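Engineer: Just a sequence and a predicted model for now, questions to come.
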Amino acid sequence: MVNRFRLYVDIYGVDFKFLTNRSHLIDFMDDLSGKLNMRILFPPVVVGIPVKNPSPFCETEDNGLSGFMLWMESGCHIHTWPEYSFMSIDIYTCKEFNLEDALKVIKEYFPYEKINYNFTANPK
């Protein structure tokens, strides 16, 4: 059986400047990797959907940013919706990590009004 540890976070009331800044998201993923002692397999990638080509699945043309980072131990995904001051972060690994360390990095990078998270651990 494979070890699985997952932290899924929904964050509300995040300032627009944090949800639209590619460099900020990249710095966050790099810092998170170090704080959780994950080994980077592929560096952070952050992309946005061009306004002239909106997604049929979103309500507005400002679709925010999406990013991911691959670790030897799995990875991290981020999606932002600046028009709703909302973002989600998904950390999925086969290596155990400290929940409080992960939440501390998130709180440092993304001041918020409300946070919901779910942490599951399914070790061997």
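Structural biologist: Now that the structure is in, tell me what you want to look at. Numbers count the residues shown, from 1 in each chain.
Engineer: For this protein, which segments count as strands?
Structural biologist: Using DSSP state E, the strands found in the chain span residues 4-12, 40-48, 65-71, 74-81, 86-93, 114-122.
Engineer: Strand 86-93 and the longest helix that the chain contains, what's the angle between them?
Structural biologist: Across the chain, the longest stretch assigned as helix under DSSP state H is helix 22-35. Here helix 22-35 points in a direction 30 degrees away from that of strand 86-93 (axes from the mean of the first three to the mean of the last three CA atoms, to 10 degrees).
Engineer: Distance from the chain centre to helix 22-35, please.
Structural biologist: 9 Å (CA atoms, centre = their mean, to the nearest Å).
Engineer: do the same with stretch 78-95
Structural biologist: With CA atoms, centre = their mean, you get 4 Å for stretch 78-95.
Engineer: And for stretch 113-124?
Structural biologist: That offset, for stretch 113-124, works out to 13 Å (CA atoms, centre = their mean).
Engineer: returning to what we had before: dump the strands of the chain into TSV; add mean neighbour count and mean pLDDT as well.
Structural biologist: For glycine as for every other residue, the C-beta is placed from the backbone atoms N, C-alpha and C. TSV is the format used below for the strands of the chain (neighbours: other CB atoms under 10 Å; pLDDT from 0 to 100):
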stretch	mean neighbour count	mean pLDDT
strand 4-12	17	96
strand 40-48	14	94
strand 65-71	19	96
strand 74-81	20	95
strand 86-93	20	97
strand 114-122	12	95
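Engineer: can you list those in JSON lines and add distance to L19?
Structural biologist: Output for those, formatted as JSON lines (distance: least, CB to CB, whole Å):
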{"stretch": "strand 4-12", "distance to L19": "9"}
{"stretch": "strand 40-48", "distance to L19": "11"}
{"stretch": "strand 65-71", "distance to L19": "7"}
{"stretch": "strand 74-81", "distance to L19": "4"}
{"stretch": "strand 86-93", "distance to L19": "6"}
{"stretch": "strand 114-122", "distance to L19": "14"}
